[in-house]
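[1] need a 3D model of the following:
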Amino acid sequence: MDCQYEDFISDISEIINSKNILLEPEQTIFYRKGIRIGNGSAIAVIFPSSLLELWDILKICVLYNKIIIMQAANTGLTGGSTPDGSDYDREVVIINTLNIDKLILLNNGMQVIAFPGTTLYQLEDQLEPIGRSPHSVIGSSCIGASVIGGICNNSGGNLVNRGPAYTQLSLFVRLNENKKLELINHLGIELGDSPREVISNLENMNFNINEVSKSDHPASDLDYKERVRDVNANTPARFNSDKRRLYEASGCAGKIAVFAVRLDTFPKAKKEQVFFIGTNDPKNLTELRRKILTSMNILPDMGEYIHRSYFDGSDKYCKDTFTFIKYFGTGFIPKLLTLKRKIDYFASKLSFLPTKFSDRILQCIASLTPDHLPDRIRNYRNRFEHCLLILASDDSIKEMEQLLISEISEKDDYDFIKCSESEGKDLLLHRYVAGSAPMRFGLINSNTAGELLPLDVALPRNCECWHEIFPEEITSQMAEFFQMAHFLCMVFHWDIVVKKGVDIEKLKKNILIILDENGAKYPAEHNVGHIYKAEKTLETFYRELDPTNSFNSGIGKTSKNINYR
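    This next block holds a predicted model:
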């Protein structure tokens with residue numbers, strides 16, 4: 001065995017318990033493989049339990065010239081928190097931060113400080129008793145995604161009054177051009193001078209948490225709701241490489257080690273109302289979107305478009321997840337994912353069992369259980385191809401209802417439901433779990449279905465042809481085309497399962513040409529990962545953060561070599 005490798009592991013073992021270091025490939029596979037895509041080699045997966053341990057581990061990784069991949073829940077959809085292959089010029093170490101999950105409420109919960117392993121679910125749960133809400137409450141919270149992961153990856157934005165995950169207040173570590181680790185405290189809180197002093201004071205909360213001074217730097221995207229209202233703009237409302245929203249931790253995609261972020265929280269709505277809108281003419285939704293964004297005094301909280309493909313996909317392939325969350329809560333899902341991984345690992349040792357054994361079993365069980373959707377929603381869905389789910393709250397409810405009545409009352413093939421509380425919750429949950437439908441579809445229909453091509457696309461705010469961008473020569477190569485969107489901001493999730501035998505790279509190239517011709521930006525909110533090539537603005541940002549290319553090398557199809565050689 002290589003002496004340097006033994007020395008490296010020995011030095012790490014002096015910092016943390018050996019049970020928090022995984023070395024064998026069969027142990028590390030869960031962390032080396034992405035939830036959708038991504039798979040590569042790593043010599044170790046390390047689980048620090050404190051920020052001080054994380055600081056010391058980073059120092060050792062730098063000393064031994066390792067590539068460092070920071071990882072939390074590994075729920076990214078573009079492979080951005082896992083290795084990509086084995087063609088790196090240095091050995092890769094994954095540092096999983098889920099054990100460092102402290103959350104500090106500031107100024108009675110008006111703001112928070114989240115540590116690397118703090119999850120969206122945890123944040124939402126702790127804010128609930130004090131009547132506050134986080135920046136995001138959709139999808140990702142259901143699968144255990146971390147708060148800092150959202151900041152690093154420009155996630156969210158479906159809540160149009162709050163905007164995507166963003167802050168200029170963070171504590172992070174970078175490796176400078178002289179190969180020296182720097183701890184940079186931009187939390188806007190005085191915590192001391194030396195790295196160990198700063199880290200210790202933060203972890204031990206050695207400052208008055210209810211008298212934290214207001215910072216001149218924002219802790220959320222304050223102008224997003226005005227930007228999204230500009231429906232005549234020929235540029236997207238938000239996208240990953242938007243230089244206005246690239247700032248240190250925000251948008252960094254793991255090119256630095258983020259120790260903590262300071263974020264705004266928001267007043268929890270006193271009353272919420274879900275409206276379910278259906279039509280067979282998508283132009284109706286285009287016009288409704290324009291009216292909402294230009295005429296309403298207070299915007300609704302969200303507007304989620306669901307095409308029949310994704311509605312039915314969620315219905316058929318995500319019923320088990322829907323049921324688990326409805327009856328056991330979102331906190332159960334990370335446990336379920338861990339259990340599924342263990343089952344699949346043991347099943348892989350038995351050659352007579354199929355791949356993804358746990359998904360196949362869950363799909364079979366779900367197909368035998370009673371219908372999980374309310375009758376009125378089920379019947380309504382059967383009438384329409386295009387649906388829009390609007391969540392309004394407090395003062396926007398009446399205004400939203402009046403707009404819907406005036407727009408829809410005299411039109412055929414166009415209708416809306418004012419949902420009951422239980423119908424609204426079921427609809428939101430149905431939308432939340434939909435993202436796993438394409439993978440399950442491909443698994444169950446493996447005889448005809450090929451690879452998955454996930455597209456996370458921001459269309460221009462003035463785009464009206466969103467429903468007919470792809471010609472028949474493109475769609476004919478799809479086994480299934482799953483479509484949904486954060487409609488008010490024109491961010492679309494087009495998840496394509498190609499037909500068996502289709503050249504997916506050629507198809508992707510042709511699709512991206514079409515998107516470029518339509519002024520689209522991609523990705524919109526999931527970071528470039530190892531699917532997309534980083535635009536020049538984004539690559540420059542990565543290089544400034546990480547001049548030696550030691551963190552998350554190769555992200556955005558950049559060089560994997562030291563100093564970007």
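[2] show me which positions of the helix or strand of the chain with the lowest mean pLDDT end up buried.
    When each helix and strand of the chain is scored by mean pLDDT, DSSP states H and E, helix 333-348 comes last, with a mean of 83. Within helix 333-348, the residues scored as buried using 16 or more other C-beta atoms under 10 Å are 333-334, 336-337, 340, 343-344, 347. Glycine gets a C-beta too; all of them are placed from N, C-alpha and C.
[3] nearest to Cys489, of those residues?
    Ranked by distance to Cys489 (C-beta to C-beta), these are led by Ile333 at 25.9 Å.
[4] quick one: low-confidence parts of the stretch 101-250 of the chain?
    Counting by pLDDT under 70, the stretch 101-250 of the chain shows low-confidence ranges at 138-143.
[5] that one: strands as residue ranges?
    Using DSSP state E, counting those that start in this stretch, the strands found in the stretch 101-250 of the chain span residues 103-106, 111-114, 132-133, 170-175, 181-186.
[6] which one of those lies nearest to Met70?
    When the strands of the stretch 101-250 of the chain are ranked by proximity to Met70, the top entry is strand 170-175, at 9.7 Å, counting by C-beta to C-beta.
[7] got the angle for the closest one vs strand 181-186?
    Using axes from the mean of the first three to the mean of the last three C-alpha atoms, to 10 degrees, the interaxial angle of strand 170-175 with respect to strand 181-186 works out to 160 degrees.
[8] now render the strands of the stretch 101-250 of the chain as JSON lines, adding mean neighbour count and distance to Ile405.
    As requested, the strands of the stretch 101-250 of the chain are arranged in JSON lines below (neighbours: other C-beta atoms under 10 Å; distance: least, C-beta to C-beta, whole Å):
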{"stretch": "strand 103-106", "mean neighbour count": "19", "distance to Ile405": "41"}
{"stretch": "strand 111-114", "mean neighbour count": "25", "distance to Ile405": "39"}
{"stretch": "strand 132-133", "mean neighbour count": "20", "distance to Ile405": "28"}
{"stretch": "strand 170-175", "mean neighbour count": "24", "distance to Ile405": "45"}
{"stretch": "strand 181-186", "mean neighbour count": "17", "distance to Ile405": "48"}
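[9] what's the closest of those to Ser476?
    Using C-beta to C-beta as the measure, strand 132-133 is the one of those that comes nearest Ser476, at 43.7 Å.
[10] which elements pack onto the closest one?
    Packing partners of strand 132-133 (3 or more C-beta pairs under 8 Å, 6 or more residues apart in numbering; DSSP states H and E): strand 266-267.
[11] pairing partners for the strand it packs on, with directions?
    Sheet pairing for strand 266-267, assigned by DSSP bridges, gives strand 132-133 (antiparallel).
[12] contacting residues around the partner strand?
    With C-beta atoms under 8 Å, 6 or more residues apart in numbering as the contact definition, strand 132-133 has outside contacts at 109-110, 124, 127, 265-269.
[13] most neighbours, which of those residues?
    Ranked by neighbour count (other C-beta atoms under 10 Å), the contacts of strand 132-133 have Thr265 at the top, with 24 neighbours.
[14] what's the closest non-adjacent residue to that residue?
    In this structure, Thr265 finds its nearest non-sequential neighbour in Arg132, 4.2 Å apart by C-beta to C-beta, 6 or more residues apart in numbering.
[15] and the next element down the chain from the least confident helix or strand of the chain?
    Going down the chain from helix 333-348, the next helix or strand is helix 357-367, by DSSP states H and E.
[16] thinking again about what came up before, elements contacting the least confident helix or strand of the chain?
    With contacts defined as 3+ C-beta pairs under 8 Å, 6+ apart, helix 333-348 has these neighbours: helix 25-32, helix 319-328, helix 357-367.
[17] can you show me the strands along the stretch 451-565 of the chain?
    Taking DSSP E, counting those that start in this stretch to define them, one finds strands in the stretch 451-565 of the chain at 478-486, 491-499.
[18] redo the ones you listed as TSV? Include distance to Asp7 and mean pLDDT.
    What follows is the strands of the stretch 451-565 of the chain, written out as TSV (distance: least, C-beta to C-beta, whole Å; pLDDT from 0 to 100):
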stretch	distance to Asp7	mean pLDDT
strand 478-486	49	97
strand 491-499	45	96
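[19] do you know which of the ones you listed lies nearest Phe239?
    strand 491-499 (8.2 Å).
[20] ok now do Ser422, which residues does it touch?
    Ser422 makes contact with Pro374, according to C-beta under 8 Å, 6+ apart.
[21] sorry, slip of the keys, the one I care about is Lys499.
    Contact analysis of Lys499 by C-beta under 8 Å, 6+ apart lists 448-450, 477-479.
[22] tell me the one among those nearest to Lys59.
    Proximity of those to Lys59, judged by C-beta to C-beta, is greatest for Gly450, which lies at 45.1 Å.
[23] checking that closest one next. Helix, strand or coil?
    Following DSSP: H, G, I helix; E, B strand; the rest coil, the label given to Gly450 is strand.
[24] gap between it and Gln363?
    Between Gly450 and Gln363 the distance, using C-beta to C-beta, to the nearest Å, works out to 19 Å.
[25] just Arg132 next, same as before
    From Arg132 to Gln363 the distance is 38 Å (C-beta to C-beta).
[26] can you map out the helices along the stretch 201-350 of the chain?
    When assigned using DSSP state H, counting those that start in this stretch, the helices of the stretch 201-350 of the chain occupy the ranges 224-227, 282-295, 308-317, 319-328, 333-348.
[27] out of the ones you listed, which comes closest to Met484?
    helix 308-317 (4.4 Å).
[28] count the residues that sit near the closest residue to Lys521 other than its chain neighbours.
    The spatial neighbour of Lys521 that comes closest, neighbours along the chain excluded (C-beta to C-beta, 6+ apart), is Phe239 at 3.6 Å. Phe239 sits with 24 neighbouring residues when counted by other C-beta under 10 Å.
[29] what do you get for Arg565?
    By the measure other C-beta under 10 Å, the count of residues near Arg565 is 8.
[30] wait, it sits on Thr558?
    No. Under the criterion of C-beta atoms under 8 Å, Arg565 is not in contact with Thr558, lying 11.2 Å apart.
[31] Glu124 versus Phe266, what's the distance?
    Between Phe266 and Glu124 the distance is 11 Å, computed by C-beta to C-beta.
[32] list residues touching both of those two?
    In terms of C-beta under 8 Å, 6+ apart, Phe266 and Glu124 are both contacted by the residues 133-134.
[33] count of neighbours near Leu443?
    Summarising burial for Leu443: neighbours were counted as other C-beta under 10 Å, giving 16.
[34] would you mind writing the CA trace of the helix or strand harbouring it as PDB?
    Taking DSSP H and E as the definition, one finds Leu443 inside helix 437-444. Written as PDB, here are the backbone C-alpha positions of helix 437-444 (Å, rounded to 0.1, in the frame of the first residue of the first chain):
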ATOM      1  CA  ALA A 437     -40.900  10.100 -12.000                       C
ATOM      2  CA  PRO A 438     -38.500  10.100 -15.000                       C
ATOM      3  CA  MET A 439     -36.000   7.700 -13.400                       C
ATOM      4  CA  ARG A 440     -38.800   5.300 -12.200                       C
ATOM      5  CA  PHE A 441     -40.400   5.400 -15.700                       C
ATOM      6  CA  GLY A 442     -37.000   4.500 -17.300                       C
ATOM      7  CA  LEU A 443     -36.500   1.700 -14.800                       C
ATOM      8  CA  ILE A 444     -40.000   0.100 -15.200                       C
END
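[35] residues in contact with that helix?
    Among residues not part of helix 437-444, those counted as contacts by C-beta under 8 Å, 6+ apart are 36, 310, 313-314, 316-318, 355-356, 359-360, 363, 449-452, 454, 479-480, 482, 495-497.
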